[in-house]
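[1] Fold the following, please.
(2 chains)
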Amino acid sequence: DAKTTQPNSMESNEEEPVHLPCNHSTISGTDYIHWYRQLPSQGPEYVIHGLTSNVNNRMASLAIAEDRKSSTLILHRATLRDAAVYYCIPRSGNTPLVFGKGTRLSVIA
Amino acid sequence: KAGVTQTPRYLIKTRGQQVTLSCSPISGHRSVSWYQQTPGQGLQFLFEYFSETQRNKGNFPGRFSGRQFSNSRSEMNVSTLELGDSALYLCASSNEGTGRKWRGYTFGSGTRLTVV
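    Sure thing, here's the model as predicted:
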(Lines give C-alpha, C1' and ligand atoms only; values in the text may rest on other atoms or scores of the structure.)
Protein backbone atom coordinates (compact mmCIF):
# COMPACT_ATOMS: atom_id res chain seq x y z
CA ASP A 1 0.00 0.00 0.00
CA ALA A 2 1.20 3.49 -0.82
CA LYS A 3 2.08 5.52 2.27
CA THR A 4 0.27 8.84 2.66
CA THR A 5 1.15 11.95 4.65
CA GLN A 6 -1.54 14.42 5.63
CA PRO A 7 -1.51 17.27 8.16
CA ASN A 8 -3.05 16.20 11.46
CA SER A 9 -5.38 19.18 11.52
CA MET A 10 -6.36 22.30 9.60
CA GLU A 11 -8.64 25.20 10.28
CA SER A 12 -10.71 27.29 7.90
CA ASN A 13 -13.10 30.18 8.08
CA GLU A 14 -16.62 29.58 6.90
CA GLU A 15 -17.27 30.41 3.24
CA GLU A 16 -13.56 30.45 2.42
CA PRO A 17 -11.84 27.90 0.17
CA VAL A 18 -9.94 25.05 1.81
CA HIS A 19 -7.01 23.20 0.31
CA LEU A 20 -6.31 19.85 1.97
CA PRO A 21 -2.93 18.42 0.90
CA CYS A 22 -1.83 14.80 0.70
CA ASN A 23 1.59 13.38 -0.13
CA HIS A 24 1.69 9.89 -1.62
CA SER A 25 5.20 9.65 -3.04
CA THR A 26 5.16 5.82 -3.24
CA ILE A 27 1.95 5.67 -5.25
CA SER A 28 1.91 3.09 -8.02
CA GLY A 29 0.93 3.83 -11.59
CA THR A 30 -2.40 2.05 -11.24
CA ASP A 31 -3.47 3.62 -7.93
CA TYR A 32 -6.42 5.94 -8.05
CA ILE A 33 -6.43 8.65 -5.38
CA HIS A 34 -9.59 8.51 -3.30
CA TRP A 35 -10.82 10.98 -0.75
CA TYR A 36 -13.33 10.20 1.97
CA ARG A 37 -14.46 12.22 4.92
CA GLN A 38 -15.99 11.27 8.22
CA LEU A 39 -18.32 13.67 9.96
CA PRO A 40 -18.75 13.33 13.73
CA SER A 41 -20.75 10.25 14.73
CA GLN A 42 -21.13 9.05 11.15
CA GLY A 43 -19.50 6.51 8.86
CA PRO A 44 -17.04 7.74 6.22
CA GLU A 45 -18.46 9.40 3.14
CA TYR A 46 -17.05 9.22 -0.39
CA VAL A 47 -15.92 12.63 -1.65
CA ILE A 48 -14.06 12.20 -4.93
CA HIS A 49 -11.44 10.12 -6.74
CA GLY A 50 -9.10 10.51 -9.71
CA LEU A 51 -6.13 9.00 -11.51
CA THR A 52 -4.18 11.70 -13.34
CA SER A 53 -6.34 14.62 -14.36
CA ASN A 54 -7.99 17.08 -12.07
CA VAL A 55 -11.54 16.07 -11.16
CA ASN A 56 -14.58 18.03 -10.09
CA ASN A 57 -17.89 17.04 -8.61
CA ARG A 58 -20.63 18.75 -6.64
CA MET A 59 -18.76 18.28 -3.36
CA ALA A 60 -15.18 19.17 -4.19
CA SER A 61 -12.33 19.37 -6.67
CA LEU A 62 -9.27 17.13 -6.74
CA ALA A 63 -6.01 18.52 -8.07
CA ILE A 64 -3.39 15.86 -8.81
CA ALA A 65 0.27 16.79 -9.29
CA GLU A 66 1.78 15.94 -12.63
CA ASP A 67 4.15 13.40 -11.04
CA ARG A 68 1.19 12.02 -9.00
CA LYS A 69 3.21 12.13 -5.80
CA SER A 70 0.78 14.55 -4.19
CA SER A 71 -2.78 15.73 -4.48
CA THR A 72 -4.98 18.44 -3.03
CA LEU A 73 -8.64 18.25 -2.16
CA ILE A 74 -10.30 21.62 -2.65
CA LEU A 75 -13.50 22.64 -0.93
CA HIS A 76 -14.53 25.82 -2.72
CA ARG A 77 -16.55 27.37 0.10
CA ALA A 78 -16.25 25.70 3.48
CA THR A 79 -19.40 25.40 5.54
CA LEU A 80 -19.82 24.28 9.13
CA ARG A 81 -21.09 20.98 7.76
CA ASP A 82 -17.67 20.37 6.16
CA ALA A 83 -16.01 19.96 9.58
CA ALA A 84 -14.80 16.38 9.46
CA VAL A 85 -11.76 14.11 9.22
CA TYR A 86 -10.60 13.90 5.60
CA TYR A 87 -8.79 10.80 4.37
CA CYS A 88 -6.62 10.54 1.27
CA ILE A 89 -6.38 6.91 0.09
CA PRO A 90 -4.43 5.56 -2.89
CA ARG A 91 -6.17 2.45 -4.14
CA SER A 92 -5.60 0.07 -7.02
CA GLY A 93 -8.18 -2.22 -8.58
CA ASN A 94 -10.31 -4.08 -6.07
CA THR A 95 -7.97 -3.71 -3.11
CA PRO A 96 -9.56 -2.54 0.13
CA LEU A 97 -9.59 1.08 1.24
CA VAL A 98 -6.77 1.56 3.75
CA PHE A 99 -7.49 4.51 6.00
CA GLY A 100 -4.69 6.50 7.62
CA LYS A 101 -5.15 9.08 10.33
CA GLY A 102 -6.44 11.78 7.98
CA THR A 103 -6.73 15.52 8.50
CA ARG A 104 -9.19 16.92 11.00
CA LEU A 105 -10.73 20.03 9.45
CA SER A 106 -12.30 22.61 11.74
CA VAL A 107 -14.51 25.31 10.24
CA ILE A 108 -14.93 28.55 12.13
CA ALA A 109 -18.09 30.60 11.76
CA LYS B 1 -33.06 5.49 -1.98
CA ALA B 2 -32.24 3.56 1.18
CA GLY B 3 -28.65 3.65 2.34
CA VAL B 4 -26.56 0.96 3.99
CA THR B 5 -28.41 -0.37 7.02
CA GLN B 6 -26.60 -1.89 9.96
CA THR B 7 -28.29 -3.63 12.86
CA PRO B 8 -28.27 -3.39 15.75
CA ARG B 9 -27.02 0.17 16.35
CA TYR B 10 -25.78 -0.61 19.85
CA LEU B 11 -24.82 -3.83 21.56
CA ILE B 12 -23.40 -4.75 24.94
CA LYS B 13 -21.87 -8.18 25.35
CA THR B 14 -19.86 -9.99 28.00
CA ARG B 15 -16.33 -11.26 27.53
CA GLY B 16 -16.32 -14.76 26.07
CA GLN B 17 -19.67 -14.41 24.32
CA GLN B 18 -20.11 -14.26 20.59
CA VAL B 19 -21.90 -11.64 18.51
CA THR B 20 -23.36 -11.36 15.03
CA LEU B 21 -23.74 -8.03 13.27
CA SER B 22 -25.84 -7.49 10.18
CA CYS B 23 -25.45 -5.25 7.16
CA SER B 24 -27.93 -4.64 4.35
CA PRO B 25 -26.20 -2.93 1.41
CA ILE B 26 -27.76 -0.51 -1.02
CA SER B 27 -30.06 -2.36 -3.40
CA GLY B 28 -28.08 -3.69 -6.37
CA HIS B 29 -24.69 -3.44 -4.68
CA ARG B 30 -22.73 -6.67 -4.70
CA SER B 31 -19.63 -5.59 -2.79
CA VAL B 32 -19.77 -5.37 1.01
CA SER B 33 -16.82 -4.46 3.23
CA TRP B 34 -16.45 -4.42 7.00
CA TYR B 35 -14.28 -2.11 9.08
CA GLN B 36 -13.49 -1.77 12.77
CA GLN B 37 -12.98 1.73 14.19
CA THR B 38 -11.38 2.39 17.56
CA PRO B 39 -9.88 5.60 18.97
CA GLY B 40 -6.45 4.01 19.17
CA GLN B 41 -6.21 2.16 15.86
CA GLY B 42 -8.54 4.22 13.68
CA LEU B 43 -10.37 2.55 10.80
CA GLN B 44 -9.10 -0.95 10.10
CA PHE B 45 -10.25 -3.21 7.28
CA LEU B 46 -11.73 -6.55 8.30
CA PHE B 47 -12.91 -8.23 5.10
CA GLU B 48 -14.74 -7.71 1.85
CA TYR B 49 -17.28 -9.88 0.12
CA PHE B 50 -18.30 -9.77 -3.52
CA SER B 51 -21.11 -11.96 -4.84
CA GLU B 52 -20.95 -14.24 -1.77
CA THR B 53 -17.17 -14.77 -2.02
CA GLN B 54 -14.61 -13.28 0.33
CA ARG B 55 -12.40 -11.18 -1.93
CA ASN B 56 -10.10 -9.50 0.57
CA LYS B 57 -9.24 -10.10 4.20
CA GLY B 58 -7.57 -7.84 6.73
CA ASN B 59 -5.17 -8.74 9.49
CA PHE B 60 -7.57 -9.85 12.19
CA PRO B 61 -7.62 -13.12 14.16
CA GLY B 62 -9.81 -16.02 13.10
CA ARG B 63 -12.37 -15.06 15.77
CA PHE B 64 -13.60 -12.53 13.25
CA SER B 65 -15.53 -14.05 10.39
CA GLY B 66 -18.14 -13.01 7.91
CA ARG B 67 -20.36 -14.15 5.14
CA GLN B 68 -22.52 -12.76 2.39
CA PHE B 69 -25.86 -14.09 1.28
CA SER B 70 -27.29 -14.36 -2.22
CA ASN B 71 -29.25 -11.13 -1.70
CA SER B 72 -25.91 -9.39 -0.88
CA ARG B 73 -26.79 -8.92 2.77
CA SER B 74 -23.80 -9.62 4.96
CA GLU B 75 -23.13 -10.68 8.51
CA MET B 76 -20.00 -10.61 10.57
CA ASN B 77 -19.44 -12.73 13.62
CA VAL B 78 -16.98 -12.32 16.46
CA SER B 79 -16.52 -15.30 18.75
CA THR B 80 -15.00 -15.40 22.22
CA LEU B 81 -15.28 -11.65 22.67
CA GLU B 82 -12.46 -9.74 24.32
CA LEU B 83 -12.55 -6.31 25.93
CA GLY B 84 -10.42 -5.01 23.05
CA ASP B 85 -13.15 -5.88 20.56
CA SER B 86 -15.15 -2.91 21.83
CA ALA B 87 -15.41 -0.70 18.77
CA LEU B 88 -17.60 0.80 16.11
CA TYR B 89 -18.10 -1.74 13.33
CA LEU B 90 -18.82 -0.19 9.97
CA CYS B 91 -20.14 -1.79 6.84
CA ALA B 92 -19.79 -0.32 3.36
CA SER B 93 -21.18 -1.29 -0.01
CA SER B 94 -20.34 -0.31 -3.56
CA ASN B 95 -21.71 -0.84 -7.05
CA GLU B 96 -18.50 -2.42 -8.37
CA GLY B 97 -19.16 -5.03 -11.00
CA THR B 98 -22.61 -3.76 -11.88
CA GLY B 99 -21.53 -1.98 -15.05
CA ARG B 100 -22.70 1.37 -13.70
CA LYS B 101 -20.50 4.38 -12.99
CA TRP B 102 -18.62 3.74 -9.77
CA ARG B 103 -19.68 6.10 -7.01
CA GLY B 104 -17.40 5.08 -4.19
CA TYR B 105 -18.20 3.11 -1.10
CA THR B 106 -21.30 4.03 0.89
CA PHE B 107 -20.90 3.43 4.59
CA GLY B 108 -23.55 2.66 7.15
CA SER B 109 -23.75 4.39 10.52
CA GLY B 110 -22.19 1.41 12.24
CA THR B 111 -22.85 -0.88 15.17
CA ARG B 112 -21.33 0.25 18.45
CA LEU B 113 -20.20 -2.89 20.30
CA THR B 114 -19.23 -2.68 23.95
CA VAL B 115 -17.66 -5.72 25.60
CA VAL B 116 -17.77 -5.76 29.40
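[2] Within range of chain B, give me the residues from chain A.
    Taking C-beta under 8 Å from any C-beta of the partner chain as the criterion, chain A approaches chain B at residues A:34, A:36, A:42-47, A:49, A:87, A:94-101. No exception for glycine: its C-beta is placed from N, CA and C like everyone else's.
[3] What's the local residue count around the closest residue to A:Gly93 other than its chain neighbours?
    Once flanking residues are discounted, A:Gly93 sits nearest to A:Thr30: 6.8 Å by C-beta to C-beta, 6 or more residues apart in numbering or on different chains. By other C-beta atoms under 10 Å in any protein chain shown, the residues close to A:Thr30 number 11.
[4] A:Arg91 is in contact with A:Thr30, correct?
    No. Judged on C-beta atoms under 8 Å, A:Thr30 makes no contact with A:Arg91 at a distance of 9.5 Å.
[5] what secondary structure does the residue nearest to A:Gly93 sit in?
    Following DSSP: H, G, I helix; E, B strand; the rest coil, A:Thr30 is assigned to coil.
[6] any idea how far chain B is from it?
    15 Å (C-beta to the nearest C-beta, to the nearest Å).
[7] gap between A:Met10 and chain B?
    Taken as C-beta to the nearest C-beta, the span from A:Met10 to chain B is 18 Å.
[8] is it true that B:Thr80 touches B:Thr14?
    No. Using C-beta under 8 Å, B:Thr80 is not in contact with B:Thr14, being 11.1 Å away.
[9] Please say which of the two ends up with more neighbours.
    Of the pair B:Thr80 and B:Thr14, B:Thr80 is the one with more neighbours under other C-beta under 10 Å, namely 11 against 8.
[10] check contacts around that one.
    Contacts for B:Thr80 (C-beta atoms under 8 Å, 6 or more residues apart in numbering or on different chains) come out as B:16, B:18, B:63.
[11] Any figure for the gap between it and chain A?
    B:Thr80 is 25 Å from chain A, by C-beta to the nearest C-beta.
[12] Is A:Gly50 in contact with A:Tyr32, as I believe?
    Yes. Between A:Gly50 and A:Tyr32 there is a contact under C-beta under 8 Å: 6.7 Å.
[13] For those two, indicate the residue with more neighbours.
    Using other C-beta under 10 Å, the more surrounded residue of A:Gly50 and A:Tyr32 is A:Gly50, with 19 against 16.
[14] for A:Ser25, helix, strand, or coil?
    coil.
[15] Quick one, grab the pLDDT at it.
    At A:Ser25, the predicted lDDT confidence score is 89.
[16] before we move on, what about B:Ser51?
    The model's pLDDT for B:Ser51 equals 93.
[17] ok, how many other residues are close to it?
    By other C-beta under 10 Å, neighbour count at B:Ser51 equals 11.
[18] residues in contact with it?
    B:Ser51 neighbours (C-beta under 8 Å, 6+ apart): B:30, B:68, B:97.
[19] re earlier: per-residue pLDDT, the residue nearest to A:Gly93?
    Per the predicted model, pLDDT is 88 at A:Thr30.
[20] remind me which residues of chain A are low pLDDT?
    Scanning chain A with the threshold set as pLDDT under 70 gives A:1.
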